[in-house]
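Chemist: Sequence first, predicted coordinates after that:
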Amino acid sequence: MIQPEHIWNSSSLPTLPAVATRLLDLMRCPETVISDVVQIVKVDPAISAKLIKAANSSYFGLRSEVKTIERAVPLLGTTAATTLALSFALTDDALQKGSLSGHYQAYWKQSIVQAAAAERFAAKFTDRDPSEFFLAGLLLDIGRLAMLKTIPQTYGPFLETLGSTAQSLAEQETSAIGCHHAQIGARLLQNWKFPTAIVQAVEYHELPIDELAKLEQEADFLLYSILAFAGTVGEYLCGSAQGQSLQRLRAIAARWFSLDHSQLEHFLSDCNHRIQQSGDLLHVNMAGVESSTELMLQANEQLVQLALQAQAVNTQAELQNAELIKEKTRLEEDNRLLQSKAIHDSLTKLYNRNFFDEALARECHQCQRQAEPLAIIMADIDHFKSVNDTYGHLGGDAILSQVASRMQGSIRNTDIIARHGGEEFVILVHKPTDKGLATLSERLRAAVADAPFVFEGRSLSVTCSLGTAIAIPGRRERNIGHRLITSADQALYAAKSAGRNRVSATSLVSEEDRRLNQQVTSQRYSRWLVQRNLLEIATVSRALLDLPIPIRRVGEIAVEMGFLEPLQVQRILEAQAESDDRFGTIAIRLGMLTADQLVCALAMQHEDPKQLTSSIIRLGLLSPELATAALEEYMQAQFSVAVPASMS
């Protein structure tokens, strides 16, 4: 076992660079001014150069090019500039070569994941500067760096043996080594004279939930809980015990931040882009950090394994290894069947109504954030009672299954179809257009009506009636899902009344929103590529399916393109807090954006041209040279849409 004193007395213990020490002194002084930060940073040319490069990156989205440290620090702000300078000083020391380089890289990747998660969570749940939380998240596992440097012959082999287990990393370290990284890291930060709250947050971040709960009355508990959450995000995305980490994430998110499983998954997905940006900012390759969505299945599988391991311990005296394997197989099969039954209709094999309602709620939320349209199609088999009367319920069930199969084969992979009840089906249409919705509805109708159905060797004709409804949810609209279902149902009734075997459509979209949505759609990069005959619609659609969910805000994009200044964005957001209107509507009303500029920014928000170009190249749809040239031409066209608002 290693005694902590052995680590403290080691000549290899990490030390803080002189620049970082002086910056920490400034952080503790309430009278610090920007010029003080500038003078200290200027002493280190390498850190100065990195700060200037950071100020010009998409991470901060500043409009004009920054060329001097005297301009970079005021634009970034004292806290952000100090945090970045400290981060650069630490990363330069942390990235090592040699036999343990893989462990150093893994340590730093996880630190960046934790920093980004802490920053995003702080922005969501506190009024404090998220940069403070970024630095704290970056330092959460500094004890691991200290142990790698001071006891590499012991700690390196220990890391090689880590796997999925019910124990936390700190518990495994204590058992194998005699001390753990959280206590080492807290002592190190204390020696470096970091603020007490950060020192304690590092010490507490791996505490069990019940132990962490005992600190709820402390003044800095919000910091403790956010960093405990961020540390667990790091373990989830970078560690080997995804199942255990997912359980802990869900417990912290529900207990102290009132986030359910779906909201937690949305937050984790939202973090992916910021993690990559943070890695780029600190010059760390984040390859190998998987997305939260890809890890969810693996985490659930590990939870099954942990449950089986616990069962094996409790019944080891009674069960032999063969029985355990049999029980494991049975449990996995039961789990698969239960999951399938929970979301699928047993007769038609389509999704059931509960699953559809949850999917609709998620889609409504996403469309509210992005001001995008969504649509519902309600379909009902015509004269189904006469089918049951003529062929019996077995015949009716056979027809239901065949209708479901034809409809399932007629929708896109991004759409969701479910049995809504009886002989009624419902389809959630992803990112619809009026024309696309009409085409899809007619395809569904024809799929049922154009070919006879067969039951027990007998042929019979079946038709269906369909009602559609499309909407763009308001920013604070809470019942849009119910309104869409109701409107589509009313349209279905109209189709029945008009003679059946037809489609009736209704729209909840205002004429102003419809016009804006058409303009945005026509200006998207994918449409531009098709119009230039560079790609066909079906080909570019493959690349679009490969894109992540958009997370950038309109204001951020407008600043990046030079349409708005950061202070203007703040004024618009302040006005938005008092209004139900969207960002773009307010920006136009205040004279800060033109209609053309808004369309351009929205087109880029809904479909990031750079990400789409990467997808096109990755799928081999265009050569890298041709794809890059097309992107440059498109971006030049967008930048020439209008004179920047600040110059008009």
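Modeler: Okay, I see it.
Chemist: What's the local residue count around Ala106?
Modeler: The tally of other residues near Ala106 (other CB atoms under 10 Å) stands at 16. Heads up, the C-betas are built off the backbone N, CA and C, glycines and all.
Chemist: what sits against it?
Modeler: 159, 238 (CB atoms under 8 Å, 6 or more residues apart in numbering).
Chemist: That one is in what secondary structure piece?
Modeler: helix 101-125 (DSSP states H and E).
Chemist: Give me the buried positions along that helix.
Modeler: 103-122, 125 (16 or more other CB atoms under 10 Å).
Chemist: Which parts of the stretch 501-648 of the chain are strands?
Modeler: 503-507 (DSSP state E, counting those that start in this stretch).
Chemist: I misspoke; the intended subject was the chain.
Modeler: Counting by DSSP state E, the chain has strands at residues 374-381, 416-421, 424-429, 453-455, 458-460, 464-471, 503-507.
Chemist: What separation do you get for the residue nearest to Arg483 when sequence neighbours are not counted and Pro195?
Modeler: For Arg483, ignoring the flanking residues on the chain, the nearest one in space by CB to CB, 6 or more residues apart in numbering is Leu508 at 6.4 Å. Going from Leu508 to Pro195 by CB to CB, to the nearest Å gives 52 Å.
Chemist: okay, now the residue nearest to Arg483: neighbour count?
Modeler: Here the number of neighbours of Leu508 (other CB under 10 Å) works out to 16.
Chemist: To Thr521, which of the strands of the chain lies closest?
Modeler: Thr521 sits nearest to strand 464-471 of all the strands of the chain, at 13.1 Å, using CB to CB.
Chemist: Just want the most central residue of the chain.
Modeler: Central residue of the chain (CA atoms, centre = their mean): Ser269, 1.6 Å from the mean position.
Chemist: any idea how far that residue lies from Leu237?
Modeler: Separation of Ser269 from Leu237 (CB to CB) stands at 11 Å.
Chemist: show me the contacts for the nearest residue to Gln408 once chain neighbours are set aside.
Modeler: Counting by CB to CB, 6+ apart, Gln408 lies nearest to Ile417, which is 5.9 Å off, once chain neighbours are set aside. Contact partners of Ile417, counting by CB under 8 Å, 6+ apart, are 350-351, 404, 407-408, 411, 425-428.
Chemist: What pLDDT is listed against Glu294?
Modeler: On the pLDDT scale, Glu294 is placed at 53.
Chemist: What of Arg128?
Modeler: 83.
Chemist: Grab the nearest non-local neighbour of it.
Modeler: Closest to Arg128 by CB to CB, 6+ apart is Ala122, at 6.3 Å.
Chemist: Same check on Thr433?
Modeler: Thr521 (6.4 Å).
Chemist: Name all residues that make contact with the one you found.
Modeler: Going by CB under 8 Å, 6+ apart, Thr521 touches 433, 527, 603.
Chemist: now, which of those sits nearest Ile485?
Modeler: Closest to Ile485, out of all of the contacts of Thr521 and judged by CB to CB, is Thr433, at 20.4 Å.
Chemist: Compute the distance between the closest one and Thr439, please.
Modeler: Counting by CB to CB - Thr433 and Thr439 are separated by 9 Å.
Chemist: now Arg618
Modeler: Distance of Arg618 to Thr439, computed by CB to CB: 29 Å.
Chemist: likewise Arg406?
Modeler: From Arg406 to Thr439 the distance is 16 Å (CB to CB).
Chemist: Domain parsing of this structure, as residue ranges.
Modeler: 4-290, 296-338, 353-509, 517-647 (automatic domain parsing).
Chemist: The ones you listed: which one's closest to Asp345?
Modeler: That would be domain 353-509 among those, by CB to CB, at 4.2 Å.
Chemist: how long is the closest one from one end to the other?
Modeler: Taking CA to CA, to the nearest Å, domain 353-509 runs 25 Å from one end to the other.
Chemist: Could you shift the numbering so residue one becomes 5, and keep it that way?
Modeler: Renumbered: residue one is now 5, and that last one reads domain 357-513.
Chemist: tell me which residues in stretch 220-232 are buried?
Modeler: Within stretch 220-232, the residues that count as buried by 16+ other CB under 10 Å are 224-232.
Chemist: right, I mislabeled it, should have said stretch 373-391
Modeler: Residues 373-386, 388, 391 are the ones in stretch 373-391 that count as buried (16+ other CB under 10 Å).
Chemist: got it, and stretch 581-598?
Modeler: Per 16+ other CB under 10 Å, stretch 581-598 contains these buried residues: 585-592, 596-598.
Chemist: Of those, which belong to helices?
Modeler: With helices taken from DSSP state H, the overlap with those comprises 587-592.
Chemist: got the residues you listed as CSV, with distance to Ala547 and pLDDT columns?
Modeler: Listed next are these as CSV, based on distance: CB to CB, whole Å; pLDDT from 0 to 100:
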residue, distance to Ala547, pLDDT
Phe587, 28, 89
Gly588, 27, 89
Thr589, 31, 89
Ile590, 33, 90
Ala591, 30, 91
Ile592, 32, 92
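Chemist: pLDDT weak spots in this protein?
Modeler: Along the chain, the parts satisfying pLDDT under 70 run over 32, 34, 62-68, 81-83, 89-90, 93-102, 167-170, 292-346, 553-555, 645-652.
Chemist: could I have stretch 572-581 exported to PDB, CA atoms only?
Modeler: Extracted C-alpha coordinates of stretch 572-581, given in PDB (Å, rounded to 0.1, in the frame of the first residue of the first chain):
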ATOM      1  CA  GLN A 572     -26.900  43.500 -29.200                       C
ATOM      2  CA  VAL A 573     -27.600  39.800 -28.600                       C
ATOM      3  CA  GLN A 574     -27.800  40.600 -24.900                       C
ATOM      4  CA  ARG A 575     -30.300  43.400 -25.500                       C
ATOM      5  CA  ILE A 576     -32.500  41.100 -27.600                       C
ATOM      6  CA  LEU A 577     -32.400  38.400 -25.000                       C
ATOM      7  CA  GLU A 578     -33.400  40.900 -22.300                       C
ATOM      8  CA  ALA A 579     -36.400  41.900 -24.500                       C
ATOM      9  CA  GLN A 580     -37.200  38.300 -25.100                       C
ATOM     10  CA  ALA A 581     -37.500  37.600 -21.400                       C
END
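Chemist: can you pull the buried residues of it?
Modeler: Buried-residue list, stretch 572-581, by 16+ other CB under 10 Å: 572-573, 575-576, 580.
Chemist: Kindly reformat those as CSV containing distance to Gly478.
Modeler: Converted to CSV, the buried residues of stretch 572-581 look like this (distance: CB to CB, whole Å):
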residue, distance to Gly478
Gln572, 24
Val573, 21
Arg575, 22
Ile576, 18
Gln580, 13
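Chemist: Could you check which of Arg410 and Thr443 has the larger neighbour count?
Modeler: A direct count of neighbours by other CB under 10 Å for Arg410 and Thr443 places Arg410 higher, at 19 against 12.
Chemist: if I look at the more buried one, how far off is Ala450?
Modeler: Taking CB to CB, one finds Arg410 at 10 Å from Ala450.
Chemist: how close does Asp48 get to Leu27?
Modeler: With CB to CB as the criterion, Asp48 and Leu27 are 10 Å apart.
Chemist: Tell me which of the two has more neighbours.
Modeler: Leu27 (23 against 20).
Chemist: Around the nearest residue to that one once chain neighbours are set aside, how many other residues sit close by?
Modeler: Leaving aside its chain neighbours, Leu27 sits nearest to Thr86 (5.1 Å; criterion: CB to CB, 6+ apart). Close neighbours of Thr86, defined as other CB under 10 Å, add up to 25.
Chemist: How many neighbouring residues does Asp214 have?
Modeler: When neighbours are defined as other CB under 10 Å, Asp214 has 8 of them.
Chemist: what do you get for the one 3 residues further on?
Modeler: For Ala217, the number of neighbouring residues by other CB under 10 Å comes to 13.
Chemist: so Ala499 touches Gly471, yeah?
Modeler: Yes: using CB atoms under 8 Å, Ala499 is in contact with Gly471, at 5.6 Å.
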